[in-house]
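Trainee: Sequence first, predicted coordinates after that:
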Amino acid sequence: MTKIKNQPQTASHSVERKDIKIGEILIEVKDLCKQFEDTQVLQGVNLQIKKGDVVAVVGPSGCGKSTLLRCLNLLEKPTAGTITIEGDNIFNSYSIYEKQKLNDINKQIKLLKKQKQKVSSEILDEYVAQKEKYLSLLKEEKQTDKEIAKTLNKHREKVGMVFQQFNLFPHMTIMQNITFAPVKLKKLELAAAQEKGLELLKKVGLSERANDYPSALSGGQKQRVAIVRALLMNPDVILFDEPTSALDPEMVGEVLSVMSDLAKDGMTMMVVTHEMGFAREVANRVVFIDEGKIVEDSAPQEFFNNPKNARLKEFLSKVL
Amino acid sequence: MDLFYEALIYQNRWTWYLEGIGKTLLISLGAVAIGVVIGVIVALIKYVNKKYGSFKVASKICDIYLTIFRGTPVYVQLLIMYLVVLFFVNDIWVAIITFGINSGAYVAEIFRGGLEAVDDGQLEAGASLGLSKFQVMVSIVLPQGFRHALPSLCNEFIALVKETSIVGAIGVKDITKIAANIVTKTGEAFVPYIVSAIIYLVIVIILTQLLKLIERRLAKSDKN
């Protein structure tokens, strides 16, 4: 699959593909928070993914690992924090904290009023100042949001994604599934896309199925097609969201082997998984998330043989 | 035998039925065409509003339209259109437009149901590939939503053909009105109304068979 990466781009776009070398930072996440109504799913995640990294993300269910992954291409909009891809901000927002401060002052004032105490002018001044601060920051962020929205789709082209439920398009053949986006987005001509598509399908052992519909394929085959679909966009990184969790046990192996081939070819990958074998053997970093925070981030050897975090020790004793 | 003679043969009255069939089919087809256009647009506006939060005002307007046209009898709508709103328009066009707008409201809800049956994962997969919302809508959501909605859409069309039997109220000589006219002339109700009932039945049976054919075709290409 390295072959494809080395070929030049057929079209250039406003978001330029940067020449990032192995070991340089591809994705940077700072203080990322995500709140769903009352539950705080991510509570300040900091993470750097370098080109060539294969990062396995593990953790108990509901710990926020899938949410983190989905935030990286903004399928899920974070509440606060910064996400940078190849040096470009795709998310940058901290206004929620100013809003919280504002609410705190407001609560204080209300409490004073309730207790029939005099509200000092200092606190009122503080309220007005905080409100101004919040609104101006909000306005600023809305402006950057607009700027980011213009180029978001270009960023998403560089970040491939493979889903737990495959999400192939059921009304298209396998070939149409994999070539639709690159052709539509003018990354490849139709003939070239089909040629490359067929080549990749052959690599995952599915070239015979090019003209079938997804409904005729097994789960493992669907997921291999989904990987090819992501690959054909020639992404710089592929995010895998529990790629083998919806598969029958005997099909897990075929998908994992495609993924480890991909890793060997130097593709940058971030994989949310429950497959500890994959994390141990294929990943070069394993990240453990607990209660919305990264509590361990180390090489697999270290991670499995010498875990430091108490929660991780407990987790490993259960899953290994 | 006299009954048949009076109702069908005398003065070539059977040709009147043919004209009636022509009117009924014309109104039905015209209304379907208008209904589908309106329905698809309204359904898309409401769907996009729900998924992405855009088109707020348009969506509210659609809600009002749906409430009014699904909340009042089509007979009353027809009279209002004929006597008040479109008083300057030819009666058959009033019928086509009224049934079109009325049917559009039902088609919209059917079609919206079809769109909402499309898995959210499809939207996410499209977005993750870098496709725009518009591209995802047109190439991924719409074709699948249409498939989900097709059986109900066909049923709506069949219902529409039968509903048009009230257009006699504004003087359009459709199948039912022709039968009624002959009854007035002969003073005998049995044959004319039975004949008109049979005609509707045949039309509906043909449409049902067509629908089954289409569904079988789709089932073949898409086993999901």
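Mentor: Here it is on my side, so go on. All figures in this text were calculated on a predicted structure; none of them were measured in a lab.
Trainee: Which neighbouring elements make contact with the strand or helix carrying A:E314?
Mentor: Using DSSP states H and E, A:E314 maps to helix A:310-319. Where contact means 3 or more C-beta pairs under 8 Å, 6 or more residues apart in numbering or on different chains; DSSP states H and E, helix A:310-319 is packed against strand A:285-290, strand A:293-298. All C-beta spots, glycine's among them, are computed from the backbone N, C-alpha and C.
Trainee: With mean pLDDT added, can I get those in a markdown table?
Mentor: Formatted as a markdown table, these follow (pLDDT from 0 to 100):
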| stretch | mean pLDDT |
| --- | --- |
| strand A:285-290 | 94 |
| strand A:293-298 | 93 |
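Trainee: For chain B, which of those is the nearest?
Mentor: Ranking those by proximity to chain B (C-beta to the nearest C-beta) places strand A:285-290 first, at 20.9 Å.
Trainee: List the strands paired with that closest one, with their directions.
Mentor: strand A:54-58 (parallel), strand A:293-298 (antiparallel) (DSSP bridges).
Trainee: where in the stretch 1-150 of chain A is pLDDT low?
Mentor: Low-confidence segments of the stretch 1-150 of chain A (pLDDT under 70): A:1-18.
Trainee: What ranges does it have for its helices?
Mentor: A:2-6, A:65-71, A:95-114, A:121-158 (DSSP state H, counting those that start in this stretch).
Trainee: just these: most buried one?
Mentor: Stretch with highest mean neighbour count among the helices of the stretch 1-150 of chain A: helix A:65-71 (a mean of 24; mean count of other C-beta atoms under 10 Å in any protein chain shown).
Trainee: Would you mind pulling up the elements that it packs against?
Mentor: When contacts are defined as 3+ C-beta pairs under 8 Å, 6+ apart, helix A:65-71 sits against strand A:25-36, strand A:39-50, strand A:54-58, strand A:237-241, strand A:268-272.
Trainee: Quick one: mean pLDDT for the last one?
Mentor: In this model, strand A:268-272 carries a mean pLDDT of 95.
Trainee: what's that strand in contact with?
Mentor: A:26-27, A:49-58, A:65-66, A:68-69, A:72, A:236-243, A:259, A:262-263, A:278-279, A:283 (C-beta atoms under 8 Å, 6 or more residues apart in numbering or on different chains).
Trainee: okay if I get the helices and strands packed on helix A:310-319 as JSON lines plus mean neighbour count?
Mentor: As requested, those are exported to JSON lines (neighbours: other C-beta atoms under 10 Å in any protein chain shown):
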{"stretch": "strand A:285-290", "mean neighbour count": "24"}
{"stretch": "strand A:293-298", "mean neighbour count": "18"}
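Trainee: Which one of those strands lies nearest to B:Y200?
Mentor: Distance to B:Y200, taken as C-beta to C-beta, is lowest for strand A:285-290 among the helices and strands packed on helix A:310-319, at 64.9 Å.
Trainee: Just the CA coordinates for the closest one, please, in CSV.
Mentor: What follows is strand A:285-290, C-alpha atoms only, in CSV (Å, rounded to 0.1, in the frame of the first residue of the first chain):
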residue,chain,number,x,y,z
ARG,A,285,1.9,3.1,21.5
VAL,A,286,-0.9,2.0,23.7
VAL,A,287,-3.1,4.6,25.4
PHE,A,288,-5.4,3.8,28.3
ILE,A,289,-8.3,6.1,28.9
ASP,A,290,-10.2,6.1,32.1
